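Visitor: coords please:
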Amino acid sequence: MLRSGFMQVADIFLGLGEPSVAELLRTISLGKLKTFQLYERLKTRLHVTKLNTETLRKIGPRVWERLSGHDEEFATELSQAVLVSHMDMIKLVLDALGIPHEDGFFAKDIDGAKYLTEGWQERVFDQFQGTFPRSLLLFYINHLGLELLKQEQVYSPA
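Guide: Numbering: from 1, shown residues only. Next up, the predicted model:
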């Protein structure tokens, strides 16, 4: 697989580490997957016959292996499952950054540099750590940086 020099979604998961990926899997809401019509698609992508909370707890090592192989389509679908499961956090973070959105979704052509100014990652992390799981917050900070700024490295505070 050809990879660009830029960070991709799989790199975010890999940069957070295997324990964080396992934690993210446990935060996926099956109800939200069904609401956003992602349940069957994720079940297929995960190669499981039954998708439930127990399965999400157990498949961490297999998911990690696929992410380690830089399966970008898989990483993108997994990220969608994580993100739709936490729209409440997304709305709060976007509001804190002053990014206009409709229920957590912002325009694809938005000028991210206008809103994600120097130190934005630290500000968001400091404001929301303790409110949301560390792995989830760091995943979203990195995902937002990738989407809006084409960020090249995974952000991880000391």
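Visitor: Tell me the secondary structure at the residue with the largest distance to the centre of the chain.
Guide: Relative to the centre of the chain, the most outlying C-alpha is that of residue 49, 23.8 Å out, by Cα atoms, centre = their mean. Classification of residue 49 by DSSP: H, G, I helix; E, B strand; the rest coil places it in coil.
Visitor: Would you list the phi and psi of it?
Guide: As for residue 49, its main-chain torsions (degrees, to the nearest 10) stand at phi -90, psi -20.
Visitor: now do residue 132
Guide: Torsion angles, degrees, to the nearest 10, at residue 132: phi -130, psi 150.
Visitor: Tell me if I'm right that it and residue 85 touch.
Guide: No: Residue 132 is beyond contact range of residue 85, at 11.6 Å (criterion: Cβ atoms under 8 Å). C-beta: built from backbone N, CA, C; applies to glycine.
Visitor: Of the two, which one has the most company?
Guide: residue 85 (22 against 18; other Cβ atoms under 10 Å).
Visitor: On the pLDDT front, check that one for me.
Guide: pLDDT for residue 85: 97.
Visitor: burial count for the residue nearest to it when sequence neighbours are not counted?
Guide: Excluding its sequence neighbours, the residue lying closest to residue 85 (Cβ to Cβ, 6 or more residues apart in numbering) is residue 29, at 4.0 Å. When neighbours are defined as other Cβ under 10 Å, residue 29 has 16 of them.
Visitor: Which phi and psi values does residue 29 adopt?
Guide: Per degrees, to the nearest 10, the backbone of residue 29 is at phi -90, psi 120.
Visitor: That one and residue 87 touch, don't they?
Guide: No: counting by Cβ under 8 Å, residue 29 does not reach residue 87; the two are 9.5 Å apart.
Visitor: Domain ranges for the protein, per the record?
Guide: Domain segmentation of the chain under automatic domain parsing yields 9-84, 87-148.
Visitor: Residue 19 versus residue 27, what's the distance?
Guide: 13 Å (Cβ to Cβ, to the nearest Å).
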